[in-house]
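J.: Give me a model of this one.
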Amino acid sequence: MIKNLNKYDISYDKAILNWDEGLPLGNGKIGCLVYGDGPIRMSVDRVDLWDTRPHPHTLEEGFCYQNLVKLAKSGKDEDWQEYLRLFDVICSDKAYPSKLTAGRIELDFGMDMRSIRSHVDIQKAIATVEAEGQHPVRIESFTSADAYVGACRIYGDYNLNLHIPLYISGDETGNWTNDSGIGAVESDGCLHYPKADICKDGEFTYYRQQTLSDFEYGVVVLQRQMKDCRELYFTVVTNQDDSEDMIAGAKKELEAAVAVGYDALKQNHIKWWENYSKKSSISIGDELSEKTYYRSYYLFASCSRKGFYPMPLQGVWTADNDSLPPWKGDYHHDTNTQLSYQSFLKANRMEEGSVFVDYLWKMKPRFEQFASDFFGVTGLLLPSCSTLDGKPIGGWPQYAFSPVMTI
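T.: Below you'll find the predicted structure:
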């Protein structure tokens, strides 16, 4: 392995003000972006957090390739409008189907924070934030490589808040946006879920979010006061997990992490990443190319782990801007998924790369059904823009419904 990989770490000597520049942490299931200048924000997410309700238009008889071609070639204005209704605006006239944003943990230290320094060690996948102020602040955090929880050690007194993205249920003033990155959004950009309550139960702070289907999810945080710091553990849970009650199951999971202990959890985590780093290396004399390589494979393991789903457009991180995820955080099979996984064999990242192959095999019946129902052929075809469970999302039909995307 090449020495001195720390020169390729992710570092800032100033406050990170935007979520899309946040310190990235992930274990293939749970993701976290650390940023902010007071409060410090930890935007948390989970790769399989989705509203997979199909758009009603995709269930209509006319939703098929033969009708798409017919309407596109007609030349009649009414047919063109029907073409747009069935195949184009289905991506934007409803807020679902879409990847969901879990929310964020906010650490409010009650003061203006100066000289903030932030750093991610890409060989250990550990983020640190240090700040000067009335009282010095230091935060160390990671998403455990084997326990699938997030863990933090925090020096400095703070108040904990949970923020639920405003587009999930909206609020009394309509204070949310629809800046989803998918063009003109004709819907209001809100999912209109029941408003969730943030609950406190001893050392736990959490919320349980109901949706408009049987799917539920939540964010659960456990805080524990230590001698000279506080330790914080978090997870994102769904009712698809193996638990009769997802919140109770999450509490047990976090308590188990506490029982292991922060230091032991951290050492197990570092050991996993050190073994991962040894799988391949390059030395080509071009620092920019080498930095791209090492950072890319840091992100690869953060977003893709055996037993979970492959990375969609934004990996295990979703926009923290109170809006629908850009392009609904979907799986783009035009080039995006292919490029994300194209070199895992050469780079000896076999387990992480096979996640995509496993997913495609799992979705085989769905893609065969799409070939039959939409294209009217036998075989296997993929929607270019698809949901977690392989259903079409639509938008710009030239590629969203192109049969060549499967090749």
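
J.: Count the neighbours of residue 343 for me.
T.: By the criterion of other Cβ atoms under 10 Å, residue 343 has 15 neighbours. Using the backbone N, CA and C atoms, a C-beta is placed for each residue, glycine as well.

J.: And the one 10 residues further on, by the same measure?
T.: For residue 353, the neighbour count with other Cβ under 10 Å is 22.

J.: Distance check, the closest residue in space to it that isn't next to it in sequence against residue 51.
T.: Take residue 353 and drop its neighbours on the chain: the residue closest to it by Cβ to Cβ, 6 or more residues apart in numbering is residue 344, 2.6 Å away. The spacing between residue 344 and residue 51, counted by Cβ to Cβ, to the nearest Å, is 29 Å.

J.: same question, residue 118
T.: In terms of Cβ to Cβ, residue 118 sits 32 Å off from residue 51.

J.: ok, now residue 169?
T.: The gap separating residue 169 from residue 51 is 13 Å, by Cβ to Cβ.

J.: circling back: more crowded one of residue 118 and residue 51?
T.: Using other Cβ under 10 Å, the more surrounded residue of residue 118 and residue 51 is residue 118, with 24 against 20.

J.: Strands of the stretch 251-400 of the chain, start to end?
T.: Per DSSP state E, counting those that start in this stretch, the stretch 251-400 of the chain carries strands over the ranges 331-332, 385-386.

J.: most tightly surrounded among the ones you listed?
T.: Highest mean neighbour count of the strands of the stretch 251-400 of the chain: strand 385-386, a mean of 26 (counted as mean count of other Cβ atoms under 10 Å).

J.: how about the helices of the stretch 1-150 of the chain, start to end?
T.: 65-74, 77-83 (DSSP state H, counting those that start in this stretch).

J.: Save the ones you listed as CSV, and put in mean pLDDT and distance to residue 290 too.
T.: Formatted as CSV, those follow (pLDDT from 0 to 100; distance: least, Cβ to Cβ, whole Å):
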stretch, mean pLDDT, distance to residue 290
helix 65-74, 96, 45
helix 77-83, 96, 48
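
J.: Could I get the ones you listed in TSV, plus columns for distance to residue 13 and mean neighbour count?
T.: TSV is the format used below for the helices of the stretch 1-150 of the chain (distance: least, Cβ to Cβ, whole Å; neighbours: other Cβ atoms under 10 Å):
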stretch	distance to residue 13	mean neighbour count
helix 65-74	52	15
helix 77-83	52	14
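
J.: now those in a markdown table, with distance to residue 104?
T.: Converted to a markdown table, the helices of the stretch 1-150 of the chain look like this (distance: least, Cβ to Cβ, whole Å):
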| stretch | distance to residue 104 |
| --- | --- |
| helix 65-74 | 40 |
| helix 77-83 | 40 |
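
J.: So which of these is nearest residue 97?
T.: Among these, helix 65-74 comes nearest to residue 97, with 19.4 Å by Cβ to Cβ.

J.: what sits up against that closest one?
T.: Residues outside helix 65-74 that contact it (Cβ atoms under 8 Å, 6 or more residues apart in numbering): 79-80, 82-83, 86-87, 374-376, 397, 401, 403.

J.: which residues do residue 169 and residue 51 both contact?
T.: Residues touching both residue 169 and residue 51 by Cβ under 8 Å, 6+ apart: residue 191.

J.: any low-confidence regions in the stretch 151-300 of the chain?
T.: Where the stretch 151-300 of the chain drops to pLDDT under 70, the residues are 171-187.

J.: any idea how far residue 337 is from residue 214?
T.: Here residue 337 is placed at a distance of 28 Å from residue 214 (Cβ to Cβ).

J.: The two: who's more crowded?
T.: It is residue 337, of residue 337 and residue 214, that has more neighbours when counted by other Cβ under 10 Å, with 22 against 8.
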